[in-house]
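> Pasting the sequence and the predicted coordinates here, then a few questions.
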Amino acid sequence: MSTQSDNQTAAAGNRSSGWVVFVFFMIGLVASIISGWVAFPKLLYSTKQQPIDFNHQVHLEQMGGQCNACHFFREDGSFSGSPTLEECKSCHMYPMSGNENEQKFIDEYVNQDKEVPWLIYAEQPPCVFFSHAAHVKGADMQCATCHGDIGHSTSLREYQENRLTGYSRDIWGKSMLRLGEAEHGRHQKMNDCAECHLKETGSKGDCFQCHK
Amino acid sequence: MKIDRRCFLSLVIGGAVGTTLTPVPWKLTDDIAIWSQNWPWTPVPEDGPSKFVKSVCTQCPAGCGITVRTIGDRAIKIEGQPDHPVNNGSLCPRAISATQHLYGPSRIQGPMKRAGERGQGKWEKISWDEAIKTVTEKLAELRTRGKPHTVACISDTDKNGSSYLLDRFLQAYGSPNFIRTPSSADAQELALYLSCGRQGTMGYDFKNADFILSFGSALMDGCNAAGQMMSAFGEMDKKSRLVQIEARLSDTAAKAAQWVPAKPGSETVLALGLGHVIVRDGLYNKAFIDDHGFAFEDWQDDAGNTHPGYRSLVQDHSPDKVAKVTGLSEKVIESLARSFARARRPVAVSGLGSAAPDSLDQALAVFALNALAGNFQKPGGVFLIDEPDYLSWTEMKIDKTASAGNQQPRVDGAGSERFSHTRYLPNRLPEAINSAKGDSPVQALLVAGGNPLYTLADTQAAKKAFEKIPFIVSFSTFMDETAEQADLLLPHPHFLESYQDVPTPHGMSETVISLARPVVKPQYDTRPTADVVIQIAKNLGGFIENAFPWKNYEDFLQKSLSDQWKTLETQGFWSDSKSRDISLDEIFRTSSQRFEFFPMSKFAAMNGNGDAGVEKIELPGDIAKMPLVLVPYTSMRISDGAVANTPFMTKTLDANVLLENDVFVEINPKTASEYGLSQGDKATVKTRAGQAEVRVNLFEGIMPGLVAMPAGLGRTGFSDYIAGKGANVYSLVAPAVDPASGLNAAWGARAAIAKA
């Protein structure tokens, strides 16, 4: 009996005390929380600038207020996405204004016959089959419903790229916990699709509708 | 304060707990999932504007029109071409999955010469110049030695421009040995020639027929006729009836209004029995036979000898006798005959797309039923389609060497006194080589299309024969079973990379020419066979060079198809229904200018040799030792021809057709119980030609005493994804020579089965 008690005392004398252990626990806890909330997002995302600061507002006015002047449906019904150099060149073969961004575009891309490496905020992985025709033509939706009022912006915002996946932060959304009301065009995960589909069609849809 | 291991552990635990309270684990899990999809070996679909290119699938003789969707230089999807006269939008899985062969690992990527022993699979890459030089030198040498006739060429067709140029090359060079690989069409073409005097194809207006009597034709099985049948079925009147005579409940039989399981090999007797009833009851078309028939009644030749006509020939085929041979009841035979004769627009069809070839007499006996009904050259009937006439039949001059070579007898015996009307006898080629004393009668073999070492009956004998040929060139697109045994590979591009004309497919009742064209750029260093042939001709010089005044194959096609080329370029096909308007007075080009019933009896009488008719082809082998009969069958999901299944197609096979690497044979439960076999059992099937390990699938839809095996499996070539699955049924079925034509008419093989 006494031998056992002696052993316990001896062991306690050799060990760090309880509060020291607690302090270390708290250090670990607090440090990880801070790094997880503050450092992690900065580490995960790199900030990039678009190759040309594009003014949607000016173009929208010039093109008669129609998004589909540049972002059009092809004859086969597929969506063209961002205009190619060929399409831009149909107006911008030569400078049309004194704008420095336009000059940069002509010098660096038109004259060198190089496609502009636009960073696409809404780019989805290849495993996602998304039909613009079904949404815009079929369901009569507005571009702004998903992409926000980008048509009236005068400048392109910075592009935050997920270092791991290579896709834009817009897909996950600004909030790391995906809390709060979805900002138009800034929440494009699968659940966001499903949420809207549930509201509009009564069903979240089936896997194979998008993952073909 | 003492800092020890516990402090460190609690720091880590605190860190772990804290991390769970941050977005790190949740966000990273999601991101890693997406990151894993970005690995460079994950296939990603092309993005960009689509184009739709109209072309034609050349993988089997069906000639179905296709529309290929491309993005950039990538073929994405193949669909049936709407409004194409053959298939009208429908398509088989083989054509749909053709891109898998285009981009798959079975392709031969450039010219190569053998580096090791034959069949060892060791190859050395060479340049096209060297490859063509090697062939040219070999051919020049044989010609100098006065042996041009020892060069043979095997092709899977003799109807398109490419095969025409090959044949022309052989003629200019001095060899009569152009050989077409065997198919169910051989007997049909010969029957058409003998009874109607035309080289061409039989066309059936299935869409408008109200009674289709099919003697084992694979109308809805396999792919040879499926495109046109699927299209015709969609447009047929619901009251139309399809009757399928076949020992197995095939897809065609299942789709038919009536399935008549007659014993296999008894089709000729059945057709004659139906003729008996129709003649006996006077149900035949008297007007047609009076005006356009010959030898229906007994007839006299010029010397005044009397020969039996059709009426006499069917005399002893009374229903009771026919019932015994076919296993059908007299009632069924009587009612079939009456339904056929009383239908307004009946057609009788045999041999279209079936895995086992018809005998000439079966082809003639079935074809004669159409003449009894007199339903030629009218809607819902039979139309006779000529061989394509668009090929530029420019005259050519040949030198003495060529002329001497061309006069040598063909190595396969076709066109000889015995088989004077048969154009090609591919199944006699192995025997001719194997039985020759001394040097092989074939010193150089050019295999341009077709895959004889897979498709020839008794492939072992064929392989043995090939071993004796000193020089074999394969023009195959894929590393197929024949290419594996070749000395030189001169790969032809895939059909989505090159031009190819496709003339009227068998069974079509109007003239249709389709054009396969480059849909994407060639993936590898390949050249169209016809281009290579033209180049070799130019290298050989002299008369041979002069016979080829074209730059290349495209140039040849453009000049040959001058009027149709533009239509072909824009529409993908050119069709002409003029042949449908030819009147009965002009359609028969026999010496009597009439449809000739049983021409064989006429020839037999004239030549004084041969039998008047061979009603049943007896299969070789000992019935006591091999009491069962192995019959091959085709399936739309298995490619039974020269080119193997795509892996996608193999994936569609049910687990009672192919399980891992085991092929199933269908056996009636009754027969299976006699041999103590139950579902899924492993067994060995033995025939005279060979044996195969199989599994057993009990099937009520197969006649007792038969073992049915799908054609098209058991490949050794192509790629690891394709080879080694199941067994090749052709290798088990030895040829049975049809004495009337010399063609192989083995409708099966005597077989034994034992539990493994």
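Perfect, thanks for sending it.
> mind checking the longest helix of chain A?
Scanning chain A for the longest helix, with DSSP state H as the assignment, gives helix A:18-34.
> so how far is that helix off the chain centroid?
For helix A:18-34, the distance between its averaged C-alpha position and the chain's averaged C-alpha position is 34 Å (Cα atoms, centre = their mean, to the nearest Å).
> Buried ones in that helix, by neighbour count?
Neighbour-count burial for helix A:18-34, with 16 or more other Cβ atoms under 10 Å in any protein chain shown as criterion, is recorded at A:20-21, A:23-25, A:27-29, A:31-33. In this view, the C-beta of every residue, glycine as well, is placed from N, C-alpha and C.
> from these, which are also near chain B?
When the buried residues of helix A:18-34 are checked against chain B using Cβ under 8 Å from any Cβ of the partner chain, the ones in range are A:20-21, A:24-25, A:27-29, A:31-33.
> Now do B:A444 against B:G116, distance only.
Taking Cβ to Cβ, to the nearest Å as the criterion, B:A444 is separated from B:G116 by 21 Å.
> Repeat that for B:T646.
Relative to B:G116, B:T646 is positioned 29 Å away (criterion: Cβ to Cβ).
> Could you dump the ones next to chain B among the buried residues of helix A:18-34 into CSV and include pLDDT?
CSV is the format used below for those (pLDDT from 0 to 100):
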residue, pLDDT
A:V20, 88
A:V21, 89
A:F24, 92
A:F25, 94
A:I27, 94
A:G28, 94
A:L29, 95
A:A31, 95
A:S32, 95
A:I33, 95
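> where does the chain dip in pLDDT?
Using chain A. Under the criterion pLDDT under 70, the flagged ranges of chain A are A:1-16, A:180-186.
> Switch to chain B, please.
Screening chain B residue by residue with the criterion pLDDT under 70, one finds the ranges B:1, B:392-393, B:599-615.
> mind running it again at 50?
In the predicted model, chain B carries pLDDT under 50 at residues B:605-612.
> Residues of it that sit close to chain A?
Contact residues (Cβ under 8 Å from any Cβ) of chain B with chain A: B:1-4, B:6-8, B:10-19, B:21-24, B:27-28, B:30-32, B:34-35, B:37-38, B:44-45, B:49-50, B:52.
> quick one, what contacts B:D622?
For B:D622, the contact set (Cβ atoms under 8 Å, 6 or more residues apart in numbering or on different chains) comprises B:R750.
> How much space separates it from chain A?
56 Å (Cβ to the nearest Cβ, to the nearest Å).
> so the closest residue to B:N697 other than its chain neighbours is in which element?
Beyond its immediate neighbours in the sequence, the residue positioned closest to B:N697 (Cβ to Cβ, 6 or more residues apart in numbering or on different chains) is B:F664, lying 3.9 Å away. Taking DSSP states H and E as the definition, one finds B:F664 inside strand B:662-667.
> Buried residues in stretch B:155-166, which are they?
By neighbour count, with 16+ other Cβ under 10 Å as the criterion, the buried positions of stretch B:155-166 are B:155-166.
> repeat for stretch B:541-553
For stretch B:541-553, by 16+ other Cβ under 10 Å, it's B:543-544, B:547-548, B:550, B:553.
> out of everything not next to it in sequence, what's closest to whichever residue of the stretch 501-650 of chain B sits closest to chain A?
With distances taken as Cβ to the nearest Cβ, the stretch 501-650 of chain B approaches chain A most closely at B:F648, which sits 15.4 Å away. Among residues not flanking B:F648 along the chain, B:S97 sits closest, at 4.1 Å (Cβ to Cβ, 6+ apart).
> Which residues of chain A lie near chain B?
Selection of chain A residues close to chain B by Cβ under 8 Å from any Cβ yields A:14-17, A:20-22, A:24-33, A:35-37, A:40-41, A:44, A:74, A:76, A:78, A:80, A:125-127, A:162, A:164-167, A:172, A:176-177.
> Can you tell me the closest non-neighbouring residue to the residue of the stretch 351-500 of chain B found nearest chain A?
Across the stretch 351-500 of chain B, no residue is closer to chain A than B:L496, which sits at 19.4 Å (Cβ to the nearest Cβ). Once flanking residues are discounted, B:L496 sits nearest to B:V519: 4.4 Å by Cβ to Cβ, 6+ apart.
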